[in-house]
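**Q** Okay, sequence plus prediction incoming.
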Amino acid sequence: MPVQPITSSGYELDLSPEAFGELTASDDLITTGDFPALRERMQTDGYLYLPGLLDAENVLEVRRLVTDRLAAENLLDPRYPSIEAISSENADTKFRPDLALNNPPLQRLLYQGEMIDFFTRFIDEEVLHFDFT
């Protein structure tokens, strides 16, 4: 069976091994508290892959709220549970900052707990966030 192309905003992504490969996990460096090594890895690789940094239940709570809102607007395919976020055929949405409004679980995920703790230690100073989410 041929591989279906993967697209983003209408552009087909290059899935060749040179462009698309495995990420190097860096969560072990958080566990050991080796933030200098994390900074070095960020400098070298240009990214940090931190599986498990955020509590999965908190992330799911945010996803549930967002996908339920999209489903209520008929933007998700009703043949699937809204949590799967399968777009309806007529959905044409790109930028939805309103999904962050009145979304306490998202505010907690982004601005309290693990996310802020990580960046405070990674940057090694107080972290400020944008007023606009």
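**A** Nice, I can see it. Just so it is clear, the model here is predicted, and its values are computed rather than measured.

**Q** Could you use CA atoms for every contact and neighbour count after this?
**A** Will do.

**Q** So which residue is smack in the middle of this protein?
**A** Residue closest to the mean C-alpha point of the chain, counted by Cα atoms, centre = their mean, is residue 59 at 8.8 Å.

**Q** How about that one, nearest residue that isn't a chain neighbour?
**A** Ranked by Cα to Cα, 6 or more residues apart in numbering and with sequence neighbours excluded, the top spatial neighbour of residue 59 is residue 109, at 7.2 Å.

**Q** so that neighbour makes contact with residue 57?
**A** No: in this structure, residue 109 is not within contact of residue 57 by Cα atoms under 8 Å, at 10.4 Å.

**Q** which residues touch residue 68?
**A** Going by Cα atoms under 8 Å, 6 or more residues apart in numbering, residue 68 touches 82, 83.

**Q** try 10 Å this time
**A** Neighbour list for residue 68: 62, 74, 75, 76, 81, 82, 83, 85 [criterion: Cα atoms under 10 Å, 6 or more residues apart in numbering].
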